[in-house]
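In: Got a predicted structure plus its sequence, pasted below:
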Amino acid sequence: MTETHVPKPTRTTPPKPPVSYDEFLEWADEDTRAEWVDGDIIFMSPISDAHQDIVEFFLTLLRVHVEHHEEGWVRSSTFQMKLDVIPSGREPDIVYLREEHRDRMTGTYIDGPADMAVEVVSPESGPRDRGEKFYEYEAAGVPEYWLVDPDREELLVYRLQDDRYKIAFEGREGRMDSAVVDGFWIEAEWLWRETLPPVLDVLRRWEIL
């Protein structure tokens, strides 16, 4: 009797669709740049240094603010947000979850909408961030969605109102105060500087230091 060997899928040989979310999680690892959308695996392009600098700057500010005020959790990409209305497992660049929603946290993903999602737009991700993700986050009930576009030098912030996103901020300059993270604000123009502001300077302006 001939034994047929079926190789186990690896990161280089993803399982064939349709793929369940559990199968996706079993296949993917922390280095996998991919998202799950209704049974399909969507691969993402590598990000630029400038993109990563903005993500790290925003992430550091948000994380320090949240830890200082003990008001929830902050996670970066590779930590997914599983949404059910339009089935998807997305990896926003940054997510924030309030203390009262801690039951949505699992060991590897958020089961349901985060309270804030932040996407730093790249040329490759722009149509997805402004299109599919916009509608998925809106339908799932993510209260605040930040879109940071370095190429356009534009910050867009959407807030849910009557189950639909309304623009709370749009522009390259001006102060944006979050309605989800109490006391968290940034100046939009910080994000377009060739050299981003020192984090300690921002913390002093927030009177955390």
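Out: That came in fine, so what should we check first? Numbers count the residues shown, from 1 in each chain.
In: Make sure residue 191 is indeed in a strand.
Out: No: going by DSSP: H, G, I helix; E, B strand; the rest coil, the assignment for residue 191 is helix, not a strand.
In: how many neighbours does it have?
Out: 21 (other Cβ atoms under 10 Å). Any C-beta I mention is one placed from the backbone N, CA and C, and that applies to glycine too.
In: Quick check: it vs residue 172, distance?
Out: Distance of residue 191 to residue 172, given as Cβ to Cβ, to the nearest Å: 9 Å.
In: what's the overlap in contacts for these two?
Out: In terms of Cβ atoms under 8 Å, 6 or more residues apart in numbering, residue 191 and residue 172 are both contacted by the residues 153, 155.
In: Quick check: phi and psi at residue 26.
Out: Here the main-chain torsion angles of residue 26 (degrees, to the nearest 10) amount to phi -70, psi -40.
In: Need the per-residue pLDDT for it.
Out: According to the per-residue confidence, residue 26 scores 91 in pLDDT.
In: same thing with the one 3 residues further on?
Out: pLDDT for residue 29: 84.
In: Would it be right to say that it lies in a strand?
Out: No: the assignment for residue 29, made by three-state DSSP, is coil rather than a strand.
In: Number of residues surrounding it?
Out: The tally of other residues near residue 29 (other Cβ under 10 Å) stands at 10.
In: just checking, what packs against the longest helix anywhere in the chain?
Out: With DSSP state H setting the assignment, residue counts place helix 49-69 as the longest helix in the chain. Helix 49-69 makes packing contacts with strand 72-76, strand 94-98, strand 116-120, helix 199-205 when contacts are defined by 3 or more Cβ pairs under 8 Å, 6 or more residues apart in numbering; DSSP states H and E.
In: what about the residue most central in space within the chain, distance to residue 75?
Out: The central residue of the chain, meaning the one whose C-alpha is nearest the mean C-alpha position (Cα atoms, centre = their mean), is residue 92 at 1.8 Å. From residue 92 over to residue 75 the distance is 9 Å, taken as Cβ to Cβ.
In: One more: residue 182?
Out: Using Cβ to Cβ, residue 182 is found at 19 Å from residue 75.
In: who's more crowded, these two?
Out: Neighbours of residue 182 and residue 75, each counted by other Cβ under 10 Å, are more numerous for residue 75; the result is 20 against 12.
In: Thanks a lot, see you next time.
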